[in-house]
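[1] Got a sequence here, can you model it:
(one chain, ligands or ions: 2)
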Amino acid sequence: MRRISIFGATGSIGQNTIDLIRRDRAAYKVVALTGAGNIAQLAADAIDLGAEIAVTARQDRLDDLRAALAGSDVIAAAGARAIAEAAARPADWVMSAIVGAAGLEPGIVAMQQGATLALANKESLVTAGDLVHRVAHAHGAQILPVDSEHSAVFQALIGEDMAAVERITITASGGAFRDWPIADMAKATPEQAATHPNWDMGQRITIDSASMFNKALEVIETKEFFGVAPQQIEVLVHPESLVHALVGFKDGALMAHVGPPDMRHAIGFALHHPDRKHLPVERLNLAHIGQLTFKAPNPERYPALRLAWDVLEIGGMAGCIFNAAKEKALDAFIDHRIGFLDMAAVVEETLTVFSADSCLINAEMTLDTVQQTDHLARKRADEIIANRKG
Ligand code: NAD
Ligand code: MG
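    Numbering: from 1, shown residues only. Ligands and ions are numbered 1, 2, ... in the order given. I've put the predicted structure just below:
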């Protein structure tokens, strides 16, 4: 039996992971499940799957979790420290599906005990790519991509020589506002931004898809995962979300990964790797689909996208600053404190402020220095947001 843990078990990726586990329960021993405010879901899944421990990120909800787990053998715990401790419990395979920079530490701790890390939390590689790779290398831990584009690239590269790769193209649906007049986007509400045309995902990543901050994170993630140069990475708007990524080789061949917009494919691929097993996803009927469309992203519509290449050029802690400022700008947008297009301006300004500080940008990457930089960037982004408002 494989020992597995799911960090962010109550979210969209977490629930899709649990769906796959439930279909073959006898194959897995569930070690830890974590969540935040959705205590009922966390407790129900932990009891149903016979988890050793359930942890909520919310210290103030520990009593609720204890009550919900009463009469079962599942241990209840709360807080970021307890999540990190749960990640130290021996496991063979760990799903990293917490949203935001909070996902970094549990992933690091899980790799330190040698677990294979199925990485949905793209923020880990964006904020601390060097550190994540260093820990994986030191402990012989494998990292498998779960983001659909990166899973697609990973699959297209099986058996290939990286030296023969010319470019990597990741696709973007274009998000909720892809057909809106640009002038209207400044007035878009969080509710409007949180509706995705193709994928059913958490609220934050759905809004990040509308702004293309999600794609910007994924451009950085592509560089960190596959080690290609920034100018070898390309983004294409593909409204159907069926081709997830393409790898171009130096003989002119393009290997595309085509599949339904269902995260259970990428999750299942990482779960069963290196095997391929039956997965309960739709089989595409291309004759029925008829045509696929692609176009270059309009930089005016998606000002956040270009920032990814700025981050790659600055290097070092720039990804950490970018992500921290993005999380703060997203909070402010969700709270109606800033407009939709202000998010990119806030992140750009935060990045500009810190990029002049070469000591901070080039500091050695440890969990401490990353967390300190994250904290500083959040503080500064908050000030920038407050000034914009005033
Ligand atoms: P979600 O919002 O649906 O779920 C997030 C999970 O993280 C929940 O379990 C929540 O309780 C937990 N959480 C939230 N804040 C936390 C904190 N501070 N500390 C600990 N736990 C916390 O998000 P999601 O859509 O499942 O996305 C999860 C991650 O996977 C993100 O990094 C996202 O970018 C990535 N991802 C998601 C999809 C998708 O289809 N949903 C696709 C690719 C990548
Ligand atoms: Mg993706």
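
[2] tell me the contacts of the residue in the stretch 1-150 of the chain positioned nearest to ligand 2?
    Across the stretch 1-150 of the chain, the shortest distance to ligand 2 (CB to the ion) belongs to Asp147, at 4.2 Å. For the C-beta atoms, the positions are set from N, CA and C on the backbone; glycine is no exception. Counting by CB atoms under 8 Å, 6 or more residues apart in numbering, Asp147 touches Leu119, Ala120, Lys122, Glu218, Glu221, Ala266.

[3] now, which of those residues sits nearest ligand 1?
    Ala120 (3.5 Å; CB to the nearest ligand atom).

[4] What segments of the stretch 151-300 of the chain are strands?
    165-172, 233-237, 243-249, 254-258 (DSSP state E, counting those that start in this stretch).

[5] Show me how far the worst-scoring helix or strand of the chain on mean pLDDT is from its chain's centre.
    Ranked by mean pLDDT, DSSP states H and E, the weakest helix or strand in the chain is helix 182-185, scoring a mean of 93. Here the centre of mass of C-alpha atoms in helix 182-185, compared against the chain's by CA atoms, centre = their mean, to the nearest Å, lies 27 Å away.

[6] Mean pLDDT, mean neighbour count and distance to ligand 2 added to the strands of the stretch 151-300 of the chain, as JSON lines?
    Converted to JSON lines, these look like this (pLDDT from 0 to 100; neighbours: other CB atoms under 10 Å; distance: least, CB to the ion, whole Å):
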{"stretch": "strand 165-172", "mean pLDDT": "98", "mean neighbour count": "21", "distance to ligand 2": "8"}
{"stretch": "strand 233-237", "mean pLDDT": "98", "mean neighbour count": "19", "distance to ligand 2": "11"}
{"stretch": "strand 243-249", "mean pLDDT": "98", "mean neighbour count": "22", "distance to ligand 2": "8"}
{"stretch": "strand 254-258", "mean pLDDT": "98", "mean neighbour count": "16", "distance to ligand 2": "12"}
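
[7] Report how many residues lie close to the residue in the stretch 251-390 of the chain positioned nearest to ligand 1.
    Closest residue of the stretch 251-390 of the chain to ligand 1, CB to the nearest ligand atom: Met263 (4.4 Å). Residues within reach of Met263, counting by other CB atoms under 10 Å, total 23.

[8] Could you measure from it over to Lys326?
    21 Å (CB to CB, to the nearest Å).

[9] likewise Pro106?
    For Pro106, the distance to Lys326 - CB to CB - is 20 Å.

[10] how about the strands of the stretch 151-300 of the chain, which one is nearest Asp342?
    strand 165-172 (20.9 Å; CB to CB).

[11] Tell me which other helices or strands the closest one touches.
    Secondary-structure packing of strand 165-172 (3 or more CB pairs under 8 Å, 6 or more residues apart in numbering; DSSP states H and E): helix 148-156, helix 213-226, strand 233-237, strand 243-249.

[12] Pairing partners for that strand, with directions?
    Applying DSSP bridges, strand 165-172 is found paired with strand 233-237 (parallel), strand 243-249 (antiparallel).

[13] So which of those is nearest ligand 1?
    strand 243-249 (10.5 Å).

[14] report the angle between the axes of the closest one and strand 254-258?
    160 degrees (axes from the mean of the first three to the mean of the last three CA atoms, to 10 degrees).

[15] ok, how many other residues are close to Ile220?
    26.

[16] so how many other residues sit close to the closest residue to it other than its chain neighbours?
    Spatial nearest neighbour of Ile220, excluding adjacent residues (CB to CB, 6 or more residues apart in numbering): Val126 at 4.8 Å. Neighbour count for Val126, taken as other CB under 10 Å: 27.

[17] ok so, going back, mind putting the strands of the stretch 151-300 of the chain into JSON lines with distance to Asp342?
    Formatted as JSON lines, the strands of the stretch 151-300 of the chain follow (distance: least, CB to CB, whole Å):
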{"stretch": "strand 165-172", "distance to Asp342": "21"}
{"stretch": "strand 233-237", "distance to Asp342": "22"}
{"stretch": "strand 243-249", "distance to Asp342": "30"}
{"stretch": "strand 254-258", "distance to Asp342": "35"}
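
[18] Any chance of TSV for those strands, columns distance to ligand 1?
    Listed next are the strands of the stretch 151-300 of the chain as TSV, based on distance: least, CB to the nearest ligand atom, whole Å:
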stretch	distance to ligand 1
strand 165-172	12
strand 233-237	15
strand 243-249	11
strand 254-258	14
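
[19] Please tell me how far Arg81 sits from Pro106.
    On the measure of CB to CB, Arg81 and Pro106 end up 11 Å apart.

[20] Correction: the previous question concerned Pro299.
    Applying CB to CB to Pro299 and Pro106 gives a distance of 36 Å.

[21] which of those two has more neighbours?
    More crowded of Pro299 and Pro106, by other CB under 10 Å: Pro106, with 28 against 11.

[22] anything in the strand or helix carrying the more buried one near ligand 1?
    Using DSSP states H and E, Pro106 sits within helix 104-112. No: on the criterion CB under 6 Å from any ligand atom, helix 104-112 is out of touch with ligand 1, staying 8.0 Å away.

[23] Thanks again, I'm all set now.
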